[in-house]
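Peer 1: compute the structure for the input listed below.
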Amino acid sequence: PETNTLFWGTSNPWPDYNDDFRKGDNLYSCSVLALDPDTGKLKWHFQFTPHDIHDWDSTQIPILLDTQFSGVNTKALAWANRNGFYYLLDRTTGKFLMAKSFVKQTWAKGFDDNGRPEVIPGNEPTPEGNDHTWPGIDGGANWMSHSYSPLTKWLYVFAREEHRVFSKNTVPHPTTETPDRP
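Peer 2: Alright, predicted model coming up:
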């Protein structure tokens, strides 16, 4: 309430595992949006998984906490993401503070200063199926509620450590017109 901000997680781009038709980061997908609830205007956004090809949407429940980070009192947003990383952001500005894996993950070797993942090549879905990527499509965390205890200063997360085969196939895109309908 003190920042008058609504935090909203967004879904992944489509088609999930085939990026042939959607180049670039697919802006605002797999993100948290900070919105002014009075106007609906975007204050800031942070994209957890740019150009997601693994169905790692960001519909998890954010945890808002006031904590110290690097010796500074910080209004933080903690986010245990489906991509297997736990993120800490400044919730007033959206500034990336840190990310750390909380389940086995094999797709990113780290992050730049702005929080963009440094992707490890070879984890892309393939027509025959790629089973090298962790976490799986259910993600490291999903929609289940997480919790933070100010007493223990621990974040409690439902975590899933698994992987699946990611297959790339061609899915017909829906159109606004069909042969028998204008």
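
Peer 1: list the contacts for Asn73?
Peer 2: Applying CB atoms under 8 Å, 6 or more residues apart in numbering, we find Asn73 in contact with 66-67. Every C-beta, even on glycine, is put in place using the N, C-alpha and C of the backbone.

Peer 1: and it, which of the three is it?
Peer 2: With DSSP: H, G, I helix; E, B strand; the rest coil as the basis, Asn73 sits in strand.

Peer 1: list the beta-bridge partners for it.
Peer 2: Beta-bridge pairing for Asn73 (DSSP bridges): Gln68.

Peer 1: now find how far off-centre stretch 150-161 is within its chain.
Peer 2: Relative to its parent chain, stretch 150-161 has a centroid offset of 18 Å by CA atoms, centre = their mean, to the nearest Å.

Peer 1: now stretch 15-29
Peer 2: 14 Å.

Peer 1: quick check: mean pLDDT across that stretch?
Peer 2: Computed over stretch 15-29, the mean pLDDT rounds to 92.

Peer 1: how long is it from one end to the other?
Peer 2: The straight-line separation of the ends of stretch 15-29 (CA to CA, to the nearest Å) is 12 Å.

Peer 1: list the buried residues in stretch 8-25.
Peer 2: The neighbour-count check on stretch 8-25 (16 or more other CB atoms under 10 Å) flags 9-10, 12-13, 15-19, 25 as buried.

Peer 1: measure that stretch end to end?
Peer 2: End to end - CA to CA - stretch 8-25 spans 18 Å.
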